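Visitor: structure, please.
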Amino acid sequence: MPHKLSNLRIPVPSDIDIAQAATPLPIESIAAEAGILPDELELYGKSKAKVHLSVRDRLKSAPNGKYIVVTAITPTPLGEGKTTTTVGLSQALGAHLGKKVFTNIRQPSQGPTFGIKGGAAGGGYSQIVPMEEFNLHLTGDIHAIIAANNLLAAAIDARMFHESTTDDVALFDRLTPAKNDGSRRFSAIMLRRLKKLGITKTDPNELTPAERSRFARLDIDPETITWRRVLDTNDRFLRQITIGQGPEEKGATRTTGFDIAVASEIMAILALTTSLGDMKERFGRMVIGSSCAGEPVTADDIGVTGALMVLMKDAIMPNLMQTIEGTPAFVHAGPFANIAHGNSSIVADQIALKLAGSEGYVLTEAGFGADMGMEKFFNIKCRYSGLTPDCVVLVATIRALKMHGGGPKVVAGKPLAHAYTQENLDLLEKGCSNLVRHIGNARNFGIPVVVAVNRFKDDTPAEMELVRKISKAAGAEDAVVSNHWAEGGAGAVELAHAVVSACQKPSHFKFLYPLDMSIKDKIETIVREMYGGAGVEYSPEAEKKIEVYTRQGFDKLPMCMAKTHLSISHDPNLKGAPSGFMVPVRDIRASVGAGFLYPLLGTMATMPGLSTRPGYYDIDLDTETGRIIGLS
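Guide: Model prediction:
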C-alpha cells in the first residue's frame, strides 16, 4: 500500500498545492493494510476514520514495535520542521525500506492555523493528507472538548449562583426532588459524592439535616476557581473577562477568562487516558477550585462527570489518516507543549505499537524543543503509559543553530537576515551549544539519540558536515542530513537507516525524578538537569500553592513546566545553552485529573492573540469548485 512519490516538482510547490494534487487512498484500504478489521473502524468520509480501542484488546498478546520519539532543538518562532521530519521519516521507513510504520502526531488547534504559524500536517512532500481536513475540523474532537469544558464551566457558576440564593433545606430539596409519594433518589454521581463524604446512606430521606447540608452545599470559594472557558480561536480580548453582569444573575459577577481549547485539562486527559473507565475517573478527579474550608472541589462534586463522558465518548478513539506516500497515521489529541504536556495520545501509541508488531516502527512526536515535549514525554506520558522508547530523533536546522550562536532575531512573517542565508561556520559552531545540551539531556534518560538535520536550500555542505561532527562528538549515535521536504521519503532514507540501527542499540530508560520527591525538589531537578539553571525563585502565590497542594495530597504528581518554547530557559531572550540563571515560578496550578501539577515560569499566555497580519488573510474558498485556498 505505501508508495514512492514520482514526478516531484522543482521548485517545490506550496503545501496545499502538493496536498491537493495527491490522491489519498481509501481509508478502508489504509486500515486493512495496517491490520485493522472493518468492525474496528468508524468512517468519517473517504479519507479519515476513527479506530475502536478494541483493536488494542484483540492484539494484547502481540509484541510491540519499536517506539521512537521525535523532538527538536530549541526552535525559532518559525518552527524547525519536526512534524515534517516525522512524516518524511515515516515515509522513508514504509515506502522505501518496506517497514511497517505508523506516524502518531497531534491534532492542531485552529488558533495557529488562522494565526501566524499555520497548520501542522507537515510540509512539502512530507505531509498528512488531506491537509485541509487534518488542519480544520478533522472528526470533531476539539469541538467535543470545547463543549465538555464549557459545560463544566457553566455548571460551576450555576452551582455557586443557586447556593448563594438558596438555603440548605431548599437546596437539598431541589437536588433530590420528592415524588408524589414522598420518595427521593440519588443519581449515580450523587452516590459518588456521598461516598467521598463518608456517608453510607443511599436513601435521601434518611440523611440527617447536617448530612443534607454537607451533601448539598459545595461552598466554592470563587477566588480559588481555576477552571476557565475555552475557545479554539486566538482572541486576546477574552484573556480576562467579567461574567454575571446580566440582571437575572443578581450581581453574582466574577472575573475569569478564556483559554485556547487545547489548553483545557480535558485535552490533556484525552492524551493521557488509557480507556473509557480511566477517562471517567480522571474527569471525576478534575479539581476546579477549593471550598471556603480549603477542601478541593471536583467535577464529581459538581455532578457533571457523566455528562462529560457522553460528550467525549467518541473522542477517545484515535483518528486514522495517511501520509502522502500511503503510510498510516494516527492523529489524536493536541495539547500544547508550552502550557501542557505536548504529546499525542497514549491510546494511539498503544494501538500503533500492537499493529506494528516486533518488526515495525511507531514514530510519536513531542512538541517544541526537547526541554519541553521530550521531557514531558518521558516524565509524564511514559509514566502513565508504561511504554519505553527505543530511540530519540532530535531535529535540528542550520537556521536555528545560527540563531543560538548570536544571529539576528528571527521574526515570523519577515525575511531572514543574511546571516541565515550565507555560510557562517563560526556562528553555527557557537549555536551548536544548544544542540549539544539537548543531546546530553536525551542521553541522560538512557535512550540512543539520532540527530536529523532538516535541510534548507541555503545550507552549505560545510555547515551540514560541522553539525554532523559536533553531534557525534556529543554522543549522538548518528547525525544525518535529511531532505524530505523537497524529496519526500526518498530524502529521508539515510535517516531511516540510522534510526533502524539506533533501535538495535540497548536502551536504559530512567525517569528524571521519583514521584515521592517534594514539589520543590521536582521543579528544581528539572531546572537544574534540563535547563542548566542555578536555582528557583518562588513567588508568594507559588509558595501558597505548594502548601495547599501538599496538604491536599497532590504533591506526588509529576511536574508539567509551563514556559517559553523559545529558550531552553524561562527567558525567551536567552539563546544557546545558558547556565547559572535563576528561574522564577510565579504560580502553580493543578491538573489533578490529567495527573500533573504545572508550574508557570515567567509570563505565559494560555490564550494567544492575533497579529496585525494573521494567516486568515490568505485563506479562502473557491466557490465554483469548493477548493480551499491559502491554507498552510
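
Visitor: could you report the pLDDT at the residue nearest to residue 296 when sequence neighbours are not counted?
Guide: Nearest non-adjacent residue to residue 296, counting by CB to CB, 6 or more residues apart in numbering: residue 287, 4.6 Å away. Where you see a C-beta, it was placed from the backbone N, CA and C, and this is true even at glycine. According to the prediction, residue 287 has pLDDT 97.

Visitor: longest helix in this structure, by residue count?
Guide: Counting residues, the longest helix found in the chain (DSSP state H) is helix 141-164.

Visitor: CA atoms of that helix as PDB?
Guide: Output in PDB follows, covering the C-alpha atoms of helix 141-164 (Å, rounded to 0.1, in the frame of the first residue of the first chain):
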ATOM      1  CA  ASP A 141     -12.600  16.000  18.800                       C
ATOM      2  CA  ILE A 142     -11.700  19.600  19.700                       C
ATOM      3  CA  HIS A 143     -15.300  20.700  19.400                       C
ATOM      4  CA  ALA A 144     -16.200  17.900  21.800                       C
ATOM      5  CA  ILE A 145     -13.600  19.200  24.200                       C
ATOM      6  CA  ILE A 146     -14.900  22.700  24.000                       C
ATOM      7  CA  ALA A 147     -18.400  21.500  24.700                       C
ATOM      8  CA  ALA A 148     -17.400  19.400  27.700                       C
ATOM      9  CA  ASN A 149     -15.000  22.100  29.100                       C
ATOM     10  CA  ASN A 150     -17.600  24.800  28.900                       C
ATOM     11  CA  LEU A 151     -20.400  22.700  30.300                       C
ATOM     12  CA  LEU A 152     -18.300  22.200  33.400                       C
ATOM     13  CA  ALA A 153     -17.600  26.000  33.500                       C
ATOM     14  CA  ALA A 154     -21.300  26.800  33.200                       C
ATOM     15  CA  ALA A 155     -22.100  24.200  35.900                       C
ATOM     16  CA  ILE A 156     -19.700  25.800  38.300                       C
ATOM     17  CA  ASP A 157     -21.200  29.200  38.000                       C
ATOM     18  CA  ALA A 158     -24.700  27.900  38.100                       C
ATOM     19  CA  ARG A 159     -24.000  25.900  41.300                       C
ATOM     20  CA  MET A 160     -22.500  29.000  43.000                       C
ATOM     21  CA  PHE A 161     -25.400  31.100  41.900                       C
ATOM     22  CA  HIS A 162     -28.000  28.700  43.300                       C
ATOM     23  CA  GLU A 163     -26.100  28.200  46.500                       C
ATOM     24  CA  SER A 164     -26.000  31.900  47.000                       C
END
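
Visitor: compute the inter-axis angle for the helix or strand just after that helix and helix 141-164.
Guide: Downstream of helix 141-164, the first helix or strand assigned by DSSP states H and E is helix 168-175. Between the axis of helix 168-175 and that of helix 141-164 there is an angle of 140 degrees, by axes from the mean of the first three to the mean of the last three CA atoms, to 10 degrees.

Visitor: in helix 168-175, what's buried?
Guide: Using 16 or more other CB atoms under 10 Å as the test for burial, helix 168-175 gives 168, 171-173, 175.

Visitor: quick one: buried residues of the longest helix of the chain?
Guide: Applying 16+ other CB under 10 Å to helix 141-164 flags 141-142, 144-153, 155-157, 159-160, 163 as buried.

Visitor: sounds good, over and out.
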